[in-house]
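A.B. asks: Okay, here's the prediction I keep looking at, along with the sequence it came from:
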Amino acid sequence: MSADTYLAVFLGSKTSPKWAAWNAMSDAERKAKELEGIAAWKGWAEKHQGAIQAMGGPLGKTKRVDDKGTADIANEMGAFTVVRAASHEAAAKMFENHPHFAIFPGERVEIMPVLPIPGG
């Protein structure tokens, strides 16, 4: 990966007030919001198609592996995307008002540079 590559991680807690409000919607309301969100996400992807290196996608259940063994855990990570941008600020700007939190009940997107492997 080059120095202008950034990993965007989509985060949100299933116990947040936004999720509670989402789950409180009627099935019809939630389905309409889902369709709106999917269309907006596709629009975002089209707008930034030249910068998207890997669209990524949803993340599944998490397993933690450490010196105590393997365990099922929960975290706030929901999806990821890899983009290229001229700067960290430019990469972050791409995600302002993203449907993940503007329409869907996600809470935020965190963007970080993908650093080169030392000696690699």
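C.D. replies: Looks like it arrived, so ask away.
A.B. asks: List the contacts of residue 6.
C.D. replies: By C-beta atoms under 8 Å, 6 or more residues apart in numbering, the contact set of residue 6 is 82, 83, 84, 85, 88, 91, 111, 112, 113, 114. No exception for glycine: its C-beta is placed from N, CA and C like everyone else's.
A.B. asks: from those, which single one is nearest residue 54?
C.D. replies: residue 82 (4.0 Å; C-beta to C-beta).
A.B. asks: Show me the shaky parts of this protein.
C.D. replies: For the chain, residues meeting the criterion pLDDT under 70 lie at 1-2, 120.
A.B. asks: repeat that with 50
C.D. replies: Within the chain, no range satisfies pLDDT under 50.
A.B. asks: can you map out the strands along the chain?
C.D. replies: Secondary structure of the chain by DSSP state E: the strands cover 5-11, 52-58, 62-66, 69-73, 77-84, 108-113.
A.B. asks: end to end, how far does stretch 55-64 reach?
C.D. replies: End-to-end distance of stretch 55-64: 25 Å, with C-alpha to C-alpha, to the nearest Å as the criterion.
A.B. asks: and that stretch, which residues are buried?
C.D. replies: residue 56 (16 or more other C-beta atoms under 10 Å).
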